[in-house]
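*Asks:* From the sequence below, what's the structure:
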Amino acid sequence: MEKTIQEQVYERLLAYGKTLCTAESCTGGLVAAAMTEVSGVSQVFKGGVVSYWTEVKGSVLGVSRETLERYGAVSPQTAGEMALGAARLMGSSLAVSVTGVAGPNPDERGNPVGCLYLGLSDGERCWVRHPAPEALGRTRQEIRANAVRLALEFVLEYA
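*Replies:* Below is the predicted model:
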């Protein structure tokens, strides 16, 4: 039987003695929920922050006011700072972040439905990805499900 992506992430983190946390916006905690489906994951998964409001990205995750004002909540800069802030906040080896527009409407800055940024940080460095909207699907449910899969694949590559 083929292992789920979250089982693969769990095994990789465990094998390398690493931990993971999440900083999520448009996925609303679905990445954390996927990870906690795995039995024994508490050995590697520290927790997550759902920062749906922009002010929470700043006040809890430490995304700078300048970044939020200049680039907005849905931007590569914000995704990177969310991941970096989560890694530092939770003392985790790795943090993955998701920020984007799941729909059904564009955001206040005109970012279209399907605009998504993923961040990954080791507490010092950040990597950011911007998947093509076509890779995410058309509906809110498809976009969120594919965002979870892409976030966990991102972790798997770096764990």
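
*Asks:* Only C-alpha atoms from now on, for both contacts and neighbour counts.
*Replies:* Fine.

*Asks:* Give me the pLDDT value at residue 37.
*Replies:* pLDDT, residue 37: 98.

*Asks:* buried stuff in the longest helix seen in the chain?
*Replies:* Taking DSSP state H as the criterion, the chain has its longest helix at helix 140-158. Residues of helix 140-158 classed as buried under the neighbour-count rule (16 or more other CA atoms under 10 Å) are 140, 143-156.

*Asks:* Quickly find the element holding the residue positioned nearest the centre of the chain.
*Replies:* Residue closest to the average C-alpha location in the chain (CA atoms, centre = their mean): residue 97, at 2.3 Å. Assigned by DSSP states H and E, residue 97 falls within strand 94-100.

*Asks:* That strand pairs with which strands, and in what direction?
*Replies:* Sheet pairing of strand 94-100 (DSSP bridges) gives strand 20-24 (parallel), strand 116-121 (antiparallel).

*Asks:* mean confidence for that strand?
*Replies:* Computed over strand 94-100, the average pLDDT equals 98.

*Asks:* quick one, phi psi at residue 126?
*Replies:* For residue 126, the backbone dihedrals (degrees, to the nearest 10) come out as phi -130, psi 150.

*Asks:* close enough to count as contact, it and residue 79?
*Replies:* No - using CA atoms under 8 Å, residue 126 makes no contact with residue 79, being 9.0 Å away.

*Asks:* what angle do the longest helix of the chain and strand 116-121 make?
*Replies:* 30 degrees (axes from the mean of the first three to the mean of the last three CA atoms, to 10 degrees).

*Asks:* Which elements pack onto helix 140-158?
*Replies:* The contact analysis (3 or more CA pairs under 8 Å, 6 or more residues apart in numbering; DSSP states H and E) places helix 140-158 against helix 5-16, helix 30-35, strand 94-100, strand 116-121.

*Asks:* which regions of the chain sit below the pLDDT cut-off?
*Replies:* By pLDDT under 70, the chain has no low-scoring segment.

*Asks:* Which strand residues bridge residue 116?
*Replies:* Beta bridges link residue 116 to residue 100, judged by DSSP bridges.

*Asks:* Can you verify my assumption that it contacts residue 97?
*Replies:* No - counting by CA under 8 Å, residue 116 sits too far from residue 97 to count as a contact (10.5 Å).

*Asks:* Settle it for me: which of residue 126 and residue 79 has more neighbours?
*Replies:* Between residue 126 and residue 79, residue 79 has the larger neighbour count (other CA atoms under 10 Å), namely 33 against 19.
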